[in-house]
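Undergrad: 3D, please:
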Amino acid sequence: MNRMSNIIPGIFRKTLKDVQVNGYTIPAGWLVMISPMAIHLNPTLFDDPLKFNPWRWMDQDRTKIVTQNRNFMPFGGGIRLCAGADYSKLVISLFLHVLVTKYRWIEIKGGEVVRFAEMAIPQDYHIKLVPRIK
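TA: Model prediction:
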């Protein structure tokens, strides 16, 4: 889910020296905003970026994995990486495991997705969780 949307619309960084990007110069001292969602949904970095595919990280092409990992930034990056990143990954993994192994859900209504700097579901998304019976 963090690749499809992000809790913040942008990550700000200040350039320490002149930087060349695609033929443009970003002067030292300028503030640059990075949009994680724009990167996460870029089809040149992620094949079929809107498709839910948790196995995309298991690709056998090592170069592709390195590129995807380098461009996946749900918790920021560099020296300002979120201090709780590893804890958050553990908690969401446990939550999702329990959700998909112990429950199933039934769609009731809603769920239309609108994308801008972050993802929103303006009409709400109503579901009913039902315990799985073994």
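Undergrad: Low-confidence stretches in the protein?
TA: Low-confidence regions of the chain, defined by pLDDT under 70, span residues 1-7, 57, 59-60, 78-79, 111, 113-122.
Undergrad: what ranges do the helices span in it?
TA: Secondary structure of the chain by DSSP state H: the helices cover 36-40, 62-71, 85-102.
Undergrad: could I get these as TSV with mean neighbour count and distance to Gly110?
TA: To be clear about C-beta, it is placed using only N, CA and C from the backbone, and glycine gets the same treatment. Formatted as TSV, the entries for these read as follows, by neighbours: other Cβ atoms under 10 Å; distance: least, Cβ to Cβ, whole Å:
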stretch	mean neighbour count	distance to Gly110
helix 36-40	19	21
helix 62-71	12	31
helix 85-102	11	19
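Undergrad: Export those helices as a markdown table, with columns for distance to Thr15.
TA: Formatted as a markdown table, the entries for the helices of the chain read as follows, by distance: least, Cβ to Cβ, whole Å:
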| stretch | distance to Thr15 |
| --- | --- |
| helix 36-40 | 18 |
| helix 62-71 | 19 |
| helix 85-102 | 24 |
